[in-house]
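Colleague: Here is my input; please provide its structure:
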Amino acid sequence: MMMPSHDLSRFAVSRRSFLAMSGSLLPMGIRINTLGPRVQAFQQPLPGSLPIKAKSVVLFWLSGGLSHIDSFDPKPNAPLEFRGPFKTISTKSTSIQTTEHLPHLAAMADKWSVIRSLGHFQRGTGDHHAGYYYNLTGRHPDPTFRALLNNRKPYPEDWPFFGSVIDQQRKRVSSVPGNITLPQKPGFPEYTRPGQFAGLLGAIQDPLYLYGTREKPLEFQAPAVTLHGSLTPDRLDGRRSLVGALDGLKTTLAKSLPWAAENSQRFSPEMIEKAYRFLEPTAFARAMRVDEEPATLRERYGNSINGTSLLLARRLVEAQVAVVSVFWMEEPALNDLCKSGGGWDTHGNNFNCLKDRLLPEFDRCFSAFLADLSDRGLLDSTLVLVTSEMGRQPKIGDPRSGGTVGAGRDHWTHCMSAVLAGGGIQGGRVIGASDKTGAYPGDRPIAPEDIVKTIYHLAGIRNPHFQGKDERPIDLLPYGEVIPELLA
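Modeller: Numbers count the residues shown, from 1 in each chain. So this is what the prediction gives:
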């Protein structure tokens, strides 16, 4: 039976917005596979699933590359040209010491653990794109990363972001999206960071992106699922009109994106029902209303875009979103001061940038987030990971910012730190150790695939697979080991 046509102008869907919001059709349940017959992702969890200790996973990504020596792996006994001017302080855990500029997190170190021996082990390329890809997928960067460095863009054949895998492998427990990224899509449009997308699983498994601004931190937009113009929830008065809208959307996509026409499938009643529920005022819509939080709590998070993004992440966890990724939004005012893109890529003036701006904001909002989850009884079921694409060079002085005079730290992928909490993680522990200057792992080397493997384990996924063109299951992460020392 022919479906009725429908005017899609009120949805404001265009080729540009579709590409920019890849994954926007996920909550509508539309299964468009960008790879055609080569990949058909499983829609149900595989047999032999593990107990789910982490109902939700929250990634807090410190864009640019956190200096491990100046944060979670201080070296008070190293020469000054390595350790820098920061003092080391004790914490609530007898095993952990931090920099003096993380006092709030130090006071609650019994709730989180740190890995100090994380490295790329010659598999990375030292640039941001490979760092994103390796840490977000657990897969070694292929030779194209070494050839193209930061010009290496996302490919449809890339291995998938662990958030896309978790969302795809687990059953959806509510009508909200299962994989959300905020407050930005990392990377400039021409240099979008690989690793944050679903890759082989198809664009339908990409995250749903929520966008915020530094100027209005309480206002988040979800363009991909926003009704425009006169099309309000009240006007979605029946399934027939929505069927027409979706059929029109399919036609629009077919005209602008040939691959969509070739690989799309008819919309089942189940898909249509999911779309209708999602466009109604739902738990997702309610979760977006960060301004309803008490002013005192918003102040505890810091009222910055990064703090408010973590507050929204907590609300999304309450709405049963499986994976929430918060990518630190850079501050343009720090570009010249830190010789960076405004984030943690402190090529110059490393210590003033960390002491005066980056570390205080991070310490405030992340400690508030952990405390908030704990107070609401959510921390035990929410796995939290803080990481970035790389660490910083142990010896102070980046040639690109004037050497020792510039007081910066260059990229360093040989050793870095990551912090984990909640969702089956035992707090107050140090796993592994770097050498005396923080240059290389000195004990218990750990690779990004080990962290991703541990995330899958706690999320209840034993060995995630997808089905290849020859109908044989292909292992999404054939290497890496669960880190037993982390587990509660």
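Colleague: correct me, but A333 touches G342?
Modeller: Yes. Counting by C-beta atoms under 8 Å, G342 is a contact partner of A333 at 7.2 Å. From N, CA and C alone the C-beta is placed, and that goes for glycine too.
Colleague: So these two - more neighbours on which side?
Modeller: Neighbour totals were compared for A333 and G342, and G342 leads with 22 against 11 (other C-beta atoms under 10 Å).
Colleague: where's the more buried one relative to N303, distance?
Modeller: Going from G342 to N303 by C-beta to C-beta, to the nearest Å gives 18 Å.
Colleague: Please enumerate the strands of the stretch 51-200 of the chain.
Modeller: Assigned by DSSP state E, counting those that start in this stretch, the strands in the stretch 51-200 of the chain fall at 56-61, 88-90, 97-99, 112-118, 179-182.
Colleague: Now render the ones you listed as CSV, adding mean pLDDT, distance to G126 and mean neighbour count.
Modeller: Putting these into CSV (pLDDT from 0 to 100; distance: least, C-beta to C-beta, whole Å; neighbours: other C-beta atoms under 10 Å) gives the following:
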stretch, mean pLDDT, distance to G126, mean neighbour count
strand 56-61, 98, 18, 25
strand 88-90, 98, 28, 13
strand 97-99, 98, 24, 22
strand 112-118, 98, 15, 26
strand 179-182, 97, 25, 26
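Colleague: Turn those into JSON lines, columns for distance to E471.
Modeller: Listed next are these as JSON lines, based on distance: least, C-beta to C-beta, whole Å:
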{"stretch": "strand 56-61", "distance to E471": "30"}
{"stretch": "strand 88-90", "distance to E471": "56"}
{"stretch": "strand 97-99", "distance to E471": "51"}
{"stretch": "strand 112-118", "distance to E471": "37"}
{"stretch": "strand 179-182", "distance to E471": "26"}
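Colleague: Now do the buried residues in stretch 208-225.
Modeller: Neighbour-count burial for stretch 208-225, counted by 16 or more other C-beta atoms under 10 Å, picks out L208, Y209, L210, Y211, G212, P217, L218, F220, A222, A224, V225.
Colleague: Run the chain-centre distance for that stretch.
Modeller: The gap between where stretch 208-225 is centred and where its chain is centred comes out at 16 Å by C-alpha atoms, centre = their mean, to the nearest Å.
Colleague: now it: mean pLDDT?
Modeller: For stretch 208-225, mean pLDDT is 91.
Colleague: Quick check: which ranges of the stretch 251-400 of the chain have low pLDDT?
Modeller: In the predicted model of the stretch 251-400 of the chain, residues 251-281 satisfy pLDDT under 70.
Colleague: looking at the strands of the stretch 51-200 of the chain, which is closest to G403?
Modeller: Taking C-beta to C-beta, strand 97-99 is the member of these nearest to G403, at 23.3 Å.
Colleague: Does anything pack onto that closest one? Which helices or strands?
Modeller: Using 3 or more C-beta pairs under 8 Å, 6 or more residues apart in numbering; DSSP states H and E, the elements in contact with strand 97-99 are strand 88-90.
Colleague: how far does the strand it packs on sit from the chain's center?
Modeller: Its chain's average C-alpha position is 29 Å from that of strand 88-90, according to C-alpha atoms, centre = their mean.
Colleague: partners of it in the sheet?
Modeller: strand 97-99 (antiparallel) (DSSP bridges).
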